[in-house]
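In: What follows is a predicted structure for the sequence shown.
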Amino acid sequence: KIPLLIDTDPGVDDALALLMAFADERHDVVALTIAAGNVGLQYTVRNALKLCDIVGRTDVPVFAGSPDPLLHPSVDAAHVHGRDGYGDVDLPPPSRQADAEHAALAILRLSHQHAGELMLVMLGPLTNLALALKLDPTLPQRIKRIVVMGGAVTCHGNITPAAEFNIAFDPEAAHVVFTAFPHLLVSDWEATVAHGLPLAEAEQWLGADSDRARFYELISRKTRGLSEDSKGGRWYTADALAMAWALNPEGQLQVESRPLNVELNGTFSRGATIVDWNRQTGQPDNCDLLMAYDQGRFEALVRQALGAD
Ligand code: BDR
Ligand code: CA
């Protein structure tokens, strides 16, 4: 099995991505490292532990990371995910606490333990990975594949007019990550919008007779409500699409390789991902940008994760 380390800030769409990863037979989740992002770290840690309870995987270690971005304070996304990050539905507390090791140190340790084999899937702000890279710049040499949910490749952002949430939350961390890895797989917000889930069908999948579906139906009520109101019945699940690509690269239909830089200073564009579409910078292509994924395969992976097959 392919060892998988997921850095995440759960988060409603993070939770779906985690259900997908735990349901996949070709991958072995070796750890969850937890970022602040959608909501504060105390909530994202709790939500990750809760998810492990639901899938019966209390053996998977959970490591808390940085409570803040590297430099500047950021706003959260509680307006989408709820104040507790899981739709404010009053869940019972998780059965255990996080492990003691810091997320950045756990990433480095596991990169040695699974050197050359480890896949990283980044579903939140990139603070923990940036810290790990500053501690040990040789880290990328031991990583087989890194998939990042982040950015907006033509600057149609979701948190500002130009920027996507995960990058805008900690642009400096994103800059560190995008300049350190020679090659990243990027599933951005615009791919997310192009691959919304059909809400009416998804409601049926959520009615499946499984603990996973019942749990997910509950925590996703608020975000599904937002989709109904504003997005024409398509449900955007950014982290789930990135996870589908990570778990099932065979579903990739179109990818563009280009250089990508993170804007750190713009008046209106801080946190934007500037893709060098016309290759004017002379920089090497450091990213594969996901442009199209097999929608049927994506939906099948979501159904499987919910036990709705
Ligand atoms: C990303 O931001 C978060 O709100 C989601 O969990 C996802 O990782 C989408 O922009
Ligand atoms: Ca996320």
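Out: Sure thing, it's come through. Ligands and ions are numbered 1, 2, ... in the order given.
In: got the residues of the stretch 101-250 of the chain near ligand 1?
Out: Proximity of the stretch 101-250 of the chain to ligand 1 (C-beta under 6 Å from any ligand atom) is limited to residues L123, G124, M149, N158, E164, F165, N166, W189, A238, D239. Quick note: C-beta positions are derived from backbone N, CA and C, even for glycine.
In: Now secondary structure and neighbour count too, for those, in JSON lines please.
Out: Formatted as JSON lines, those follow (DSSP: H, G, I helix; E, B strand; the rest coil; neighbours: other C-beta atoms under 10 Å):
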{"residue": "L123", "secondary structure": "coil", "neighbour count": "32"}
{"residue": "G124", "secondary structure": "coil", "neighbour count": "29"}
{"residue": "M149", "secondary structure": "strand", "neighbour count": "31"}
{"residue": "N158", "secondary structure": "coil", "neighbour count": "20"}
{"residue": "E164", "secondary structure": "coil", "neighbour count": "27"}
{"residue": "F165", "secondary structure": "helix", "neighbour count": "26"}
{"residue": "N166", "secondary structure": "helix", "neighbour count": "31"}
{"residue": "W189", "secondary structure": "helix", "neighbour count": "26"}
{"residue": "A238", "secondary structure": "helix", "neighbour count": "26"}
{"residue": "D239", "secondary structure": "helix", "neighbour count": "29"}
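In: For the stretch 201-309 of the chain, which segments are assigned as strands?
Out: Using DSSP state E, counting those that start in this stretch, the strands assigned to the stretch 201-309 of the chain run over residues 234-235, 252-258, 260-262, 273-275, 287-293.
In: Can you give me the buried ones in the last one?
Out: Within strand 287-293, the residues that qualify as buried are C287, D288, L289, L290, Y293, counting by 16 or more other C-beta atoms under 10 Å.
In: so how far is F181 from the residue nearest to the last one when sequence neighbours are not counted?
Out: Spelled out, that is Y293. Excluding the flanking residues, the one nearest Y293 by C-beta to C-beta, 6 or more residues apart in numbering is G251, at 5.3 Å. Separation of G251 from F181 (C-beta to C-beta, to the nearest Å) stands at 22 Å.
In: residues contacting the residue lying closest to P140 once chain neighbours are set aside?
Out: In space, and not counting its chain neighbours, P140 is closest to F181: 4.7 Å by C-beta to C-beta, 6+ apart. By C-beta atoms under 8 Å, 6 or more residues apart in numbering, the residues touching F181 are P140, I143, I146, N286.
In: Make sure the third one is indeed in a helix.
Out: No: under DSSP: H, G, I helix; E, B strand; the rest coil, I146 falls outside any helix and is assigned strand.
In: still on that earlier bit, make CSV from the residues of the stretch 101-250 of the chain next to ligand 1 and add pLDDT to it.
Out: Converted to CSV, these look like this (pLDDT from 0 to 100):
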residue, pLDDT
L123, 99
G124, 98
M149, 99
N158, 96
E164, 98
F165, 98
N166, 98
W189, 98
A238, 98
D239, 98
